[in-house]
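> next come a sequence and a model predicted from it.
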Amino acid sequence: MRLVVALGGNALLRRGQSPSAQHLLENIRGVAAQLARVALHHELVVTHGNGPQIGLLALQNSAYAAVPPYPLDMLGAQTEGMIGYLLEQELANQLAPNRPVVTLLTRVEVDLNDPAFGRPTKPIGPVYTQEEAQRLAQAMHWHVAPDGASFRRVVASPLPLRVLSADPLRWLLQHQAVVIAAGGGGIPVARTAGGRALEGVDAVIDKDLTSALLALELGADCLVIATDVDAVYLDWGLPSQRALGKVRPQELLEHSFPAGSMGPKVQAAASFVLKTGKKALIGSLAQIEDMLAGRAGTEVSPGGGPAA
């Protein structure tokens, strides 16, 4: 099968961990071991989140006052290179020497008129207490929002319209490469007023929505959204919480999920299934082989099944 596997940010940096290079490398080594087993039997495209990393780069960037901070599209490109390099190296260490592994910097087109620019929702950077978040929001002119029991900076997250590197990505897959692409949702670019040239945009695209679009454009057989929970849950955090097993996309979209976390994952999975008639899986990376075998996670498919 041709798979697009979207790694959540928490697969690369666990909740509560400091965003150090050592933690990132240790986590990626574990991720690579899981993905390498999948790559033995499938064509594989790996996407990944970048929320903690791009937020850290933005903080480090703003500390040097002599130069204006770099915009988020440039910082996103940095995270694509940094995380892609680590994933590429660790996957190559796990796979046969003749299996190429490639990191592809990926531009993704967005619309400058997207209403998301007036309604920031994408969490980036570390977590803060409410007092810390309010102080930083005032000092740094940030938007902040709750993220579980904590608070984080939120930025604009426009919808992805087109993945601009799909053709070279297809060529790489045809040559048996494992490809790491669309990191952090891709580098956001938009048409200028004349409509011909492209320019970078100060935003962070949702990785799951870009992954669904990429899976559609590549003709993937399955979209896998790997996160830090073992399935999609209804009534999360309540005594009535329950995991969803096999479910139709229409049923999934009847429920409401948090915009900064599970919401985009559900939207991405449902969109891919509705447009292709294929299946999408949401669950824990540690269970990815069981997910592919239908024994774990939430399977979103046209046929669906019992909802819990």
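Everything's here; your move. Residues are numbered from 1 along each chain as shown.

> what separates the worst-scoring helix or strand of the chain on mean pLDDT from the chain centre, distance-wise?
Least confident helix or strand, the chain: helix 9-12 with a mean of 76, by mean pLDDT, DSSP states H and E. Centroid separation between helix 9-12 and its chain, computed with Cα atoms, centre = their mean, to the nearest Å, is 9 Å.

> which strands and helices lie in contact with that helix?
helix 21-39, strand 43-48, helix 51-62, strand 222-227 (3 or more Cβ pairs under 8 Å, 6 or more residues apart in numbering; DSSP states H and E). Heads up, the C-betas are built off the backbone N, CA and C, glycines and all.

> contact partners for the spatially closest residue to residue 53 that is not a sequence neighbour?
Distances taken as Cβ to Cβ, 6 or more residues apart in numbering place residue 79 nearest to residue 53, at 4.7 Å, with adjacent residues excluded. By Cβ atoms under 8 Å, 6 or more residues apart in numbering, the contact list for residue 79 reads 50, 53-54, 57, 183-184.

> cool, and residue 116?
156-159, 203.

> so which of the residues you listed wins on neighbours?
Highest neighbour count within the contacts of residue 116, by other Cβ atoms under 10 Å: residue 157, with 27 neighbours.

> quickly find the element holding the residue nearest to residue 53.
Using DSSP states H and E, residue 79 sits within helix 72-94.

> and that helix, which residues are buried?
Neighbour-count burial for helix 72-94, with 16 or more other Cβ atoms under 10 Å as criterion, is recorded at 72-73, 75-80, 82-84, 86-92, 94.

> ok, now stretch 107-122?
107-110, 114, 116-117, 120-122.

> inside strands: which ones of those?
107-109, 122 (DSSP state E).

> make CSV from these and add distance to residue 247 to it.
Shown next, in CSV, are these (distance: Cβ to Cβ, whole Å):
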residue, distance to residue 247
107, 33
108, 28
109, 31
122, 26
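
> ok, the nearest residue to residue 72 once chain neighbours are set aside to residue 299 distance?
Using Cβ to Cβ, 6+ apart and skipping residues adjacent in sequence, the residue nearest residue 72 is residue 202, 4.9 Å away. Going from residue 202 to residue 299 by Cβ to Cβ, to the nearest Å gives 37 Å.

> looking at these two, which is more packed in?
Using other Cβ under 10 Å, the more surrounded residue of residue 202 and residue 299 is residue 299, with 25 against 16.

> correct me if wrong: the more buried one contacts residue 273.
No: Residue 299 lies out of contact with residue 273 (Cβ atoms under 8 Å); the separation is 9.6 Å.

> give me the common contacts of these two.
279-280.

> spit out the contact partners of the closest residue to residue 130 other than its chain neighbours.
Counting by Cβ to Cβ, 6+ apart, residue 130 lies nearest to residue 151, which is 5.6 Å off, once chain neighbours are set aside. Shown in contact with residue 151 (Cβ under 8 Å, 6+ apart): 127-130, 132-133, 144-145.

> how about residue 226?
Residue 226 touches 5-8, 11, 283-285, 288, counting by Cβ under 8 Å, 6+ apart.

> how about low-confidence regions in the stretch 51-200 of the chain?
Within the stretch 51-200 of the chain, not a single segment meets pLDDT under 70.

> buried residues in stretch 169-177?
Within stretch 169-177, judged by 16+ other Cβ under 10 Å, the buried ones are 169, 172-173, 177.

> of those residues, which pair is most distant in space?
Across those, no pair lies farther apart than 169 and 177, at 9.1 Å, counting by Cβ to Cβ.

> grab the nearest non-local neighbour of residue 274.
That would be residue 249: by Cβ to Cβ, 6+ apart, it lies 5.1 Å from residue 274.

> likewise for residue 105?
In space, residue 105 is closest to residue 80, 5.4 Å off (Cβ to Cβ, 6+ apart).

> residues in contact with the one you found?
50, 103, 105-106, 183-184, 186-187.

> just the buried residues out of those residues, in ChimeraX syntax.
In ChimeraX, this line selects whichever of the contacts of residue 80 come out buried by 16+ other Cβ under 10 Å:
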select :50,103,106,183,184,186,187
